[in-house]
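Colleague: A predicted structure for the sequence below; I have some questions about it.
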Amino acid sequence: MKGVDTANLSFKVADLTKPDGWSNAMENMDYVIHTASPLGGDNHENPELIPIAKKRCGKCVECCY
């Protein structure tokens with residue numbers, strides 16, 4: 001974006017399907033924007049994916065503390 005200083009902007013990635021790696025992804029982070037989800041489009045009510053989405057969202061919040 002024009003006029004936005006991105007020198008200190010960084011991205012980290014954690015696998016939604018695995019419980020490991022989330023704590024490492026949160027190290028030295030000041031802010032977290034968690035936008036990933038296995039749900040969306042035609043599978044937004046998939047009963048197999050809802051527990052995964054809930055667990056990983058909870059894990060993201062847990063690792064922030």
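Modeller: Yep, that arrived. Since this is a predicted model, take the numbers as computed values, not measurements.
Colleague: can you pull out the strands in the protein?
Modeller: With DSSP state E, there are no strands along the chain.
Colleague: what bits of it have low per-residue confidence?
Modeller: Within the chain, the segments meeting pLDDT under 70 span 1, 38-39, 43.
Colleague: rerun at 90
Modeller: 1-4, 6-65 (pLDDT under 90).
Colleague: what's the single longest helix in it?
Modeller: Taking DSSP state H as the assignment, the helix of the chain that covers the most residues is helix 50-63.
Colleague: So which residues make contact with that one?
Modeller: When contacts are defined by CB atoms under 8 Å, 6 or more residues apart in numbering, helix 50-63 is touched by residues 14, 16-17, 19, 22-23, 25-26, 32, 34, 36-39. Where you see a C-beta, it was placed from the backbone N, CA and C, and this is true even at glycine.
Colleague: Now do it: distance to the chain's middle.
Modeller: With CA atoms, centre = their mean, to the nearest Å as the basis, helix 50-63 stands 8 Å off its chain's centre.
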